[in-house]
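> Just to be clear, the model below is a prediction. Sequence and coordinates:
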Amino acid sequence: AQVDKAGHKHFMAKEIAEQPQVIGNAVKHYFGDSGQTISLPDGGIDFTGVDRLVMVACGTAYYACLTAKYWFEQIARLPVEVDVASEFRYREPPVTDRTVAVFVSQSGETADTLAALRYCRDKADRIVSVVNVAESSIARESDLALPILAGTEIGVASTKAFSCQLTVLLTLALEAGRQRGTLDEDRYESLVAALRGLPAVLGRALDNNAAAEELSLQIAEAQDILFLGRGLMYPLALEGALKMKEISYIHAEAYASGELKHGPIALIDKHVPVVVMAPRDALFDKTVSNMQEVMARGGKVLLISDLAGIEAAQDGVWRSIEMPSVDPLLTPILYALPAQLLAYHTAVAKGTDVDQPRNLAKSVTVE
Ligand code: G6P
């Protein structure tokens, strides 16, 4: 069927707005209407007999993998290696029959990711893919293909596919934790409940649309933008910077907050907006102290946090965006939305071709 913009100005705006619904669909697909555990097709994955996960992807899907590394390590105590496909495939990395290899791709056709999958074919215990296009090459060549159910994504800059990839990867990490006995039952159940509650929380995050639009008029004036985050917010900062440069053409970079002092702080002056993603979690105080180092050098901080975080740290910040509170493990899925909205509105303010940015393709089937 032909996909239209459903009243939105761009496909990207429509795809951002669809996230509560498609993530709700993905959660229902894996957990059912009221279940607690997931059942996977094709024999599933036995996480108890493996000692390592290797995750490979490109672009936005790579940042979904980086996020998942934090989840699998924390929740399932499983070591995870993440690499971009174009590096992985030529490095001839050791892959053993105690490795599960996971390939994440919206299109399922990215040439480098497919080549990396083929490299692992007779080496890994199991080849798992997390894809949006069920009939794609990557899905077909996997032992187990897990759909993300985002629906057709048209905007070149990936939005709903990213948050659906995250949702499916977190679901897998919970399953791994359950199998490996690293997650106690109460915690498991509360995380499943939190996943089920996501659509409502995401809907509230989208209420920041007008605020993001207004802020973006000023961000559009910048030459450079920095994104900072720690822990689970670090990969998301990378994704926020990628989104911003892809469609607004503003130079955007992301750093782990703790790395700021090792270089990037030299770039800070009053012209550089610094987007700090910091829900009030266990690492909040550390990030705030990095944020204060930025402000002490005249940096213009946009703090994205929950009410408790904003109340605790708003002194001296340029602007803030208030997010709903959610279990700290789910924050990457939620905080993806303001990152997307900022990039979107900044691009619109600059008048770029949002859905078809210059030099980029939706799916890269050449090396
Ligand atoms: C292209 C797209 C990106 C995407 C990347 C990986 O560069 O412009 O948005 O993240 O490919 O695509 P895949 O289909 O493998 O997720």
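On my side now, so go ahead. Numbers count the residues shown, from 1 in each chain.

> looking at this, residue 37 is in a strand?
No: according to DSSP: H, G, I helix; E, B strand; the rest coil, the state of residue 37 is coil, so it is not within a strand.

> Next, give phi and psi for it.
Main-chain torsions, residue 37, degrees, to the nearest 10: phi -120, psi 160.

> Can you pull up the residues of the chain that come close to the ligand?
The chain comes close to the ligand at residues 58-61, 105-107, 110, 113, 156-158, 360, 362-364, as judged by CB under 6 Å from any ligand atom. Heads up, the C-betas are built off the backbone N, CA and C, glycines and all.

> Helices - which of those residues land there?
Residues of those located in helices (DSSP state H): 59-61, 113.

> most neighbours, which of the residues of the chain next to the ligand?
residue 105 (32 neighbours; other CB atoms under 10 Å).

> chain center to stretch 72-81, what's the gap?
How far stretch 72-81 lies from its chain's middle: 17 Å, per CA atoms, centre = their mean, to the nearest Å.

> Helices of the stretch 101-250 of the chain, start to end?
Remark: helices assigned in the stretch 101-250 of the chain by DSSP state H, counting those that start in this stretch are 111-120, 137-140, 160-180, 185-205, 209-219, 233-248.

> Need those helices in CSV (columns: mean pLDDT and distance to residue 5).
Listed next are those as CSV, based on pLDDT from 0 to 100; distance: least, CB to CB, whole Å:
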stretch, mean pLDDT, distance to residue 5
helix 111-120, 98, 29
helix 137-140, 98, 27
helix 160-180, 97, 14
helix 185-205, 97, 20
helix 209-219, 96, 16
helix 233-248, 98, 16
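
> how about TSV for the ones you listed, with distance to residue 14 added?
Below are the helices of the stretch 101-250 of the chain laid out as TSV (distance: least, CB to CB, whole Å):
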stretch	distance to residue 14
helix 111-120	26
helix 137-140	25
helix 160-180	9
helix 185-205	15
helix 209-219	13
helix 233-248	15
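
> Out of these, which gets nearest to residue 24?
Ranking these by proximity to residue 24 (CB to CB) places helix 185-205 first, at 3.9 Å.

> I'd like to know which elements that closest one is packed against.
Applying 3 or more CB pairs under 8 Å, 6 or more residues apart in numbering; DSSP states H and E, one finds that helix 185-205 contacts helix 19-31, helix 160-180, helix 331-350.

> Now with 6 Å, please.
In terms of contacts (3 or more CB pairs under 6 Å, 6 or more residues apart in numbering; DSSP states H and E), helix 185-205 is packed against helix 19-31.

> now the helix it packs on against helix 185-205, angle please.
Counting by axes from the mean of the first three to the mean of the last three CA atoms, to 10 degrees, helix 19-31 points 160 degrees away from the direction of helix 185-205.

> which parts of helix 19-31 are buried?
By neighbour count with 16 or more other CB atoms under 10 Å, helix 19-31 contains the buried residues 19-20, 22-27, 29-31.

> Phi and psi next, for the closest residue to residue 233 other than its chain neighbours.
In space, and not counting its chain neighbours, residue 233 is closest to residue 277: 4.4 Å by CB to CB, 6 or more residues apart in numbering. Dihedral pair for residue 277: phi -100, psi 110, per degrees, to the nearest 10.

> what about residue 277, neighbour count?
Around residue 277 there are 29 other residues, counting by other CB under 10 Å.

> Does it touch residue 304 like I think?
Yes: using CB atoms under 6 Å, residue 277 is in contact with residue 304, at 5.0 Å.

> neighbouring contacts of stretch 280-289?
For stretch 280-289, contacts defined as CB atoms under 6 Å, 6 or more residues apart in numbering pick out 230-231, 257, 278, 306, 308-309, 313, 328.

> residues of that stretch that come out buried?
Using 16+ other CB under 10 Å as the test for burial, stretch 280-289 gives 280-281, 283-284, 287-288.

> tell me the contacts of whichever residue of the stretch 201-350 of the chain sits closest to the ligand?
Residue nearest to the ligand within the stretch 201-350 of the chain (CB to the nearest ligand atom): residue 246, separated by 7.1 Å. Shown in contact with residue 246 (CB under 6 Å, 6+ apart): 157, 357.

> Would you mind measuring from it to residue 58?
Distance, residue 246 to residue 58, using CB to CB, to the nearest Å: 13 Å.

> Ok, residue 249 next?
20 Å.

> quick revisit: could you dump the buried residues of helix 19-31 to JSON lines with distance to residue 339 and pLDDT?
What follows is the buried residues of helix 19-31, written out as JSON lines (distance: CB to CB, whole Å; pLDDT from 0 to 100):
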{"residue": "19", "distance to residue 339": "12", "pLDDT": "98"}
{"residue": "20", "distance to residue 339": "16", "pLDDT": "98"}
{"residue": "22", "distance to residue 339": "17", "pLDDT": "98"}
{"residue": "23", "distance to residue 339": "16", "pLDDT": "98"}
{"residue": "24", "distance to residue 339": "20", "pLDDT": "98"}
{"residue": "25", "distance to residue 339": "22", "pLDDT": "97"}
{"residue": "26", "distance to residue 339": "19", "pLDDT": "97"}
{"residue": "27", "distance to residue 339": "21", "pLDDT": "98"}
{"residue": "29", "distance to residue 339": "25", "pLDDT": "97"}
{"residue": "30", "distance to residue 339": "24", "pLDDT": "97"}
{"residue": "31", "distance to residue 339": "26", "pLDDT": "96"}
